[in-house]
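Enquirer: model this:
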Amino acid sequence: MDTSLSSGAGRVPTADAGGRTMPLLGFGTHPLRGDQATEAVLTAFSVGYRLVDTATRYRNEAAVGTALATTGLPRSELFVTTKMPPDQVGRERLTLEESLAALGCDYVDLWLIHWPPGGYPGVASWREFIRARDEGLARAIGVSNYSVELIDALHEATGEYPAVNQMRWGPGNHDPDFAEAMRRRDVVLSAHSPLRGTDLDHPVLADVARRHGRSARDVVLAWNLHHKVAVTVKSAHRDRMERNLSAVDITLTPEDIGEINGLSGVAAA
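Expert: Numbers count the residues shown, from 1 in each chain. Below is the predicted model:
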């Protein structure tokens, strides 16, 4: 396996996530499983991705772990994210230990609560996440699919904001007030499924893509990066991985950004 760095790894913008340098464009692994997941992650690393996103619920942590063990890249150069399902409340530490064993890692770079447990903040779980971070088992901790109110509830109970909030995000559900609320709290907004739910045939996206000589999907990824929103994208095909990574080279104009922001029907920011 060729483990040499492509130019992509050095071009990807980053954000500070709880003191960790987090690439803003990473490789998502859902719903890949088994050997396909391992090969896809290895290919992603060879292309230039350095963040890999998995979860207990994806049932592919062991396959990702095989890629981590065989890539040849130093662990310190990689950013590994996994997530605890909300039904694991009460066994947080065991869940993380199981994830670490499957991944073959001493720590993960980012550990997330996958969904608000029962729709509640999950303060007891958050305390366990803080403890795991303080013990070095997770370098940064965060949440997924949390509202501002739920995030504030965690902070009010513990004095700790999540480093990251991963959620479905794209031009169609762009909410500048929510994004600003995350920025004020130093919470990195991370988009999963940035292309799902986006009308890639929309005339606005088609026009912006034409002006840049790129595809609408490239433009959507570049739009997220412009807003400092982390993005995870999945593909099992090398050419698509390379194409997605090349979105870091697109510089959208203020006009482009304003037009794409407007697709949500919410005032642009």
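
Enquirer: For the top helix by length along the chain, buried residues please.
Expert: Looking across the chain with DSSP state H, the single longest helix is helix 34-47. For helix 34-47, the neighbour count (16 or more other C-beta atoms under 10 Å) marks 37-47 as buried. For every residue, glycine as well, the C-beta is placed using N, CA and C.

Enquirer: count of residues packed around Thr54?
Expert: Using other C-beta atoms under 10 Å, Thr54 has 29 neighbouring residues.

Enquirer: just the helices in the protein please.
Expert: 7-11, 34-47, 61-70, 92-103, 123-134, 148-158, 176-184, 203-212, 216-226, 238-245, 254-261.

Enquirer: low pLDDT regions in the stretch 51-200 of the chain?
Expert: The model of the stretch 51-200 of the chain has no residue with pLDDT under 70.

Enquirer: cutoff 90 now
Expert: 172-174, 192-198 (pLDDT under 90).

Enquirer: check contacts around the closest residue to Ala191 other than its chain neighbours.
Expert: Distances taken as C-beta to C-beta, 6 or more residues apart in numbering put Trp169 closest to Ala191, at 3.7 Å, once the chain neighbours are dropped. Trp169 is in contact with 189-192, 194, 224, 229, counting by C-beta atoms under 8 Å, 6 or more residues apart in numbering.

Enquirer: Who wins on neighbours among those residues?
Expert: The contacts of Trp169, ranked by neighbours (other C-beta under 10 Å): first place Ser190, 30 neighbours.

Enquirer: May I have the beta-bridge partners of that one?
Expert: When assigned by DSSP bridges, Ser190 has beta-bridge partners Gln166, Ala230.

Enquirer: I'd like to know how far it sits from Ser76.
Expert: When distance is defined by C-beta to C-beta, to the nearest Å, Ser190 is 21 Å away from Ser76.

Enquirer: one step back: what average pLDDT does the longest helix of the chain get?
Expert: On average, the pLDDT along helix 34-47 is 98.

Enquirer: Could you do stretch 242-252 as well?
Expert: 96.

Enquirer: Now it: buried residues?
Expert: 242-248, 250, 252.

Enquirer: could I have it exported to CSV, CA atoms only?
Expert: The C-alpha coordinates for stretch 242-252 follow below in CSV (Å, rounded to 0.1, in the frame of the first residue of the first chain):
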residue,chain,number,x,y,z
GLU,A,242,-9.6,12.7,-4.8
ARG,A,243,-12.3,14.8,-6.3
ASN,A,244,-13.9,15.5,-2.9
LEU,A,245,-10.5,16.4,-1.4
SER,A,246,-9.8,18.8,-4.2
ALA,A,247,-12.7,21.0,-3.0
VAL,A,248,-10.1,22.6,-0.7
ASP,A,249,-8.7,24.4,-3.8
ILE,A,250,-12.0,26.1,-4.7
THR,A,251,-12.2,29.8,-3.6
LEU,A,252,-15.8,30.9,-3.7
